[in-house]
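# model this:
(4 chains)
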Number of protein chains: 2
Amino acid sequence: MDTRKKIGIRDVAKAAGVSVATVSRVLAKAEYPVSEEARQRVLVTAEALGYVPNLLAKTFATSRTDTIGVAMPVLNAYYAKMLAGIEGEATKAGLSILLTIVGASDERREKAIDQFLARQLDGMIICSGAKDGPLRRTPDQLGIPAVIVGQQPNTGYITVTVDNRRASYEATDHLVSRGNRHIIFLTSNNEWPDFRDRLAGFQERLAEGEGATGEVIEGVFDEAQAYRAVTKLVAEKTTATAILAATDRQALGAMAALADAGLRVPSDMAVVGFDNYHTSEFVRPSLTSVDMPADAMGAKAVELVCMAKTAGADQMASVVLEPRLFIRQSSGSFDNAALLAQSVKSLPSA
Amino acid sequence: MDTRKKIGIRDVAKAAGVSVATVSRVLAKAEYPVSEEARQRVLVTAEALGYVPNLLAKTFATSRTDTIGVAMPVLNAYYAKMLAGIEGEATKAGLSILLTIVGASDERREKAIDQFLARQLDGMIICSGAKDGPLRRTPDQLGIPAVIVGQQPNTGYITVTVDNRRASYEATDHLVSRGNRHIIFLTSNNEWPDFRDRLAGFQERLAEGEGATGEVIEGVFDEAQAYRAVTKLVAEKTTATAILAATDRQALGAMAALADAGLRVPSDMAVVGFDNYHTSEFVRPSLTSVDMPADAMGAKAVELVCMAKTAGADQMASVVLEPRLFIRQSSGSFDNAALLAQSVKSLPSA
DNA sequence: CTGAAAGCGCTTACAG
DNA sequence: CTGAAAGCGCTTACAG
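Take a look at the predicted model:
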């Protein structure tokens, strides 16, 4: 490393022949009235000395860290998209991001919050996992703005969520309206909020009649398990003509199983997924999927944190975003000409 | 927010009837000799008051932030995997992560480094993009440990890279040894270091004879462009029987084009990609791909930063990791029984 | 083992 | 417009 002494505001002040107060004002408070002459001397001197203000000291003196904490369960495609949305909006707002991955552990999540608090961050965004326990503190106890992305058992928190029930309803409607009369819902765990809602939307649409029946297969968490479940289904000569998978991962596993069993998608079996993976458009047949606006959710969360800092948390409301169904080949749309101009079905706003 | 006054170390000291020095020693320096009685009083009092040490103050007093800065070009699957590796290792080492996404802009990268420096971070990890300009500072000028992940034009920096040339050589060898005599290399930009190396490995293997020829198609950056390029190739009755794509995204686009053109993979055209996307195993046919150990690279970078803090940067060396080729159906391996137990070809170590 | 006090490098009333 | 000085909440030689 280098041996030159770090130069501080005092060095600049001395060299420029002004007080440290003046240096601080010129460098940190653009609007503060300082004589043009002093201003120039400070600017020139700071530049000449290569002065880099110690943000740590500033942060300590002002107790504004210009940093928000972000806690996420994992960094898969969904959360990476969310994080990108958070980061983009934060940068726009001049905020840095302290990132922590907490897994599925409520314990680690609380520890992360401890860190955020101890570090005096300006706010925090807690991205909920599939199944989180309630946060152990109320928003008031936190003392800094906190926004939750995704469903969370606690009440009182401001949240950014997505209308999973409605999206699932629309996806099911899409399948029913194409003539499918027995549809399988392939899912992970019906108690996890997002998946509970997707199940609810599925059932809600089926309950509306037209003679379509549903069948729920739970306990399927990844491609390999979906592959096995669907392979079994085919072996048992299922009467279903469509599968609504709770995630694209499950949908891809299902499609692999169908292909290996010699069945065609969608003529023998239609498939729809959730998440709209980047690759889903380029799988063959391409996969119809519900796009979760994870990046928009993340960006919205940052907005809300910023708002809470100024307006006060009490005048804020949680927000619910609308997912969109991207219709592709796997559900029975065979418009090859429109292959690259993907067709989009936007859910009407509630 | 709450209106209770923040309680500080002084409050704890007063309540416990000891000096702030004693409180500090009990709470922050486990080994420091303090009478058991005083220790207990401090512990109990701190707990009772709900004292949360102000890490900002500590950090300022000690000038150790226990935080490393991470700058990444984007947050796609590759970098998300890398970030997960960084985060995991950092957490193990008790380090927090300040994350910045800088896009393809050298300017923003420098700004991010300015931030890291101004915030007095303990170290930084710069993840290079496909084509970065040189860093504007030398490691010495930075003054804190810095490790680069990926190729970078600067010399003098410690880097963690992957042997792209060798991986590409092996992938090409795999295709040649299966009897392919004309192979297409589908790539983005031959001047970008990683892709230049992949091209080099491709050419190196072809130069070894056996009569296999190569054809390079440049300027293909995503699935859609790969789709178009391959569609054109097919229309022009290419004599190639295999495609080596520089990324899985390109490979997936290529496979979609082949499927839509009525060609079979791998019997009509074999395909191999780079990156080993999570979904590549479950596409049909499954995609043979070179796995880039992005998470291991990230973890290694954290290790190196930690090492530099203690050992001094001068006794450290850059590290080169070995990618692995995951052989699946798309390159002509039809072992359906081994579908879920993916076959792995580990590159021999250099 | 313990405590009084200096110091970390800024910001910001306050007085001029 | 300017500066001397207090203060942010800890840590840590130093003296006892």
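
# Please make it C-alpha for all contacts and neighbour counts, starting now.
Fine.

# quick check: domain ranges of chain A?
Here the domain assignment for chain A is A:9-53, A:65-162+A:299-311, A:164-293+A:325-346, based on automatic domain parsing.

# Select, out of the ones you listed, the one closest to residue B:64.
Closest approach to residue B:64 among these (C-alpha to C-alpha): domain A:65-162+A:299-311, 12.8 Å.

# quick one: that closest one near DNA strand D?
No: judged by C-alpha under 7 Å from any atom of the strand, domain A:65-162+A:299-311 and DNA strand D are separated, with a smallest distance of 8.7 Å.

# end to end, how far does that domain reach?
Terminal residues of domain A:65-162+A:299-311 lie 19 Å apart, using C-alpha to C-alpha, to the nearest Å.

# To residue B:138, which of the domains of chain A lies closest?
domain A:9-53 (15.1 Å).

# what's the model's confidence in the closest one, averaged?
The average pLDDT within domain A:9-53 is 92.

# end-to-end on it?
7 Å.

# where does that domain sit relative to the chain's centre, distance-wise?
Distance of domain A:9-53 from its chain centroid, counting by C-alpha atoms, centre = their mean, to the nearest Å, is 42 Å.

# Repeat that for stretch A:127-134.
Relative to its chain's centre, stretch A:127-134 lies at 13 Å (C-alpha atoms, centre = their mean).

# Report the spatially nearest residue to residue A:26, omitting neighbours in sequence.
In space, and not counting its chain neighbours, residue A:26 is closest to residue A:39: 5.9 Å by C-alpha to C-alpha, 6 or more residues apart in numbering or on different chains.

# can you tell me which residues contact the residue in the stretch 101-250 of chain A that DNA strand D sits nearest to?
Relative to DNA strand D, the nearest point of the stretch 101-250 of chain A is residue A:118 (8.7 Å; C-alpha to the nearest atom of the strand). By C-alpha atoms under 8 Å, 6 or more residues apart in numbering or on different chains, the contact list for residue A:118 reads B:52, B:53, B:54, B:55, B:56.

# pLDDT (mean, whole number) over stretch A:331-346?
For stretch A:331-346, mean pLDDT is 49.

# Would you mind listing what in chain A touches DNA strand C?
Counting by C-alpha under 7 Å from any atom of the strand, chain A sits next to DNA strand C at A:6-10, A:20-25, A:27-28, A:52-55, A:57-58, A:60-62.

# Sitting in helices, which of these do you find?
A:9-10, A:20-25, A:27-28, A:55, A:57-58, A:60-62 (DSSP state H).

# between the residues you listed, which is closest to chain B?
residue A:55 (4.9 Å; C-alpha to the nearest C-alpha).

# tally of neighbours for the residue nearest to residue A:26?
Applying other C-alpha atoms under 10 Å in any protein chain shown, we find 19 residues neighbouring residue A:39.

# Next: residue A:243.
So residue A:243, with other C-alpha under 10 Å, has 28 neighbours.

# Surely it is in a strand?
Yes: assessed with DSSP: H, G, I helix; E, B strand; the rest coil, residue A:243 lies in a strand.

# Give me the pLDDT for it.
98.

# Quick check: bridge partners of it?
Beta-bridge pairing of residue A:243 under DSSP bridges involves residue A:184, residue A:271.

# check contacts around it.
A:183, A:184, A:185, A:186, A:269, A:270, A:271, A:272.

# Just give me the closest of the residues you listed to chain B.
residue A:271 (14.2 Å).

# Please list all residues in contact with that closest one.
By C-alpha under 8 Å, 6+ apart, the neighbours of residue A:271 are A:242, A:243, A:244, A:245, A:251, A:255, A:265, A:287, A:288, A:330, A:331.

# quick one: which two of the residues you listed are the most distant?
A:245 and A:265 (13.9 Å).

# higher neighbour count, the two?
residue A:245 (27 against 22).

# Settle this for me: that one is touching residue A:272, isn't it.
Yes: counting by C-alpha atoms under 8 Å, residue A:272 is a contact partner of residue A:245 at 6.0 Å.

# any common contacting residues for these two?
Joint contacts of residue A:245 and residue A:272 (C-alpha under 8 Å, 6+ apart) are residue A:251.

# so where do the helices sit in the stretch 101-250 of chain A?
Using DSSP state H, counting those that start in this stretch, the helices of the stretch 101-250 of chain A run over A:106-118, A:139-142, A:164-177, A:193-206, A:223-235, A:248-260.

# Using just helix, strand and coil, how would you label residue A:68?
Criterion first, three-state DSSP; result for residue A:68: strand.

# How many residues are close by it?
The burial count for residue A:68: 26, using other C-alpha under 10 Å.

# Pull up the gap between it and residue B:230, please.
45 Å.

# Closest residue of the stretch 51-200 of chain A to DNA strand D?
Closest point on the stretch 51-200 of chain A to DNA strand D, by C-alpha to the nearest atom of the strand, is residue A:61, at 3.3 Å.

# Okay, now the unreliable bits of the stretch 251-350 of chain A?
A:312-314, A:333-350 (pLDDT under 70).

# Now with 50, please.
A:334-344, A:346-350 (pLDDT under 50).

# which bits of it sit near chain B?
Residues of the stretch 251-350 of chain A lying near chain B by C-alpha under 8 Å from any C-alpha of the partner chain: A:252, A:253, A:256, A:259, A:279, A:282, A:283, A:284, A:313, A:340.

# Kindly report the residues of the stretch 51-200 of chain A close to chain B.
So the stretch 51-200 of chain A meets chain B at A:52-57, A:59-60, A:74-77, A:80-81, A:84, A:87-88, A:96-101, A:118-120, A:139-144 (C-alpha under 8 Å from any C-alpha).

# buried subset of the residues of chain A next to DNA strand C?
Buried members of these, counted by 16 or more other C-alpha atoms under 10 Å in any protein chain shown: A:8-9, A:20, A:22-25, A:27, A:52-55, A:57-58, A:60.

# What's the PyMOL line that selects buried ones from the residues of the stretch 251-350 of chain A next to chain B?
Buried members of these, defined by 16+ other C-alpha under 10 Å, are picked up in PyMOL with:
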select buried, chain A and resi 252+253+256+259+279+282+283+284+313
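
# And the furthest pair within the residues of the stretch 251-350 of chain A next to chain B?
A:259 and A:313 (51.8 Å).

# any idea how far residue A:298 is from the residue nearest to residue A:38 when sequence neighbours are not counted?
Of all residues not flanking residue A:38 in the chain, residue A:18 sits nearest, at 7.4 Å (C-alpha to C-alpha, 6+ apart). According to C-alpha to C-alpha, residue A:18 stands 45 Å off from residue A:298.

# Could you check which of those two has the larger neighbour count?
Neighbours per residue (other C-alpha under 10 Å) separate residue A:18 from residue A:298, with residue A:298 holding more: 30 against 16.
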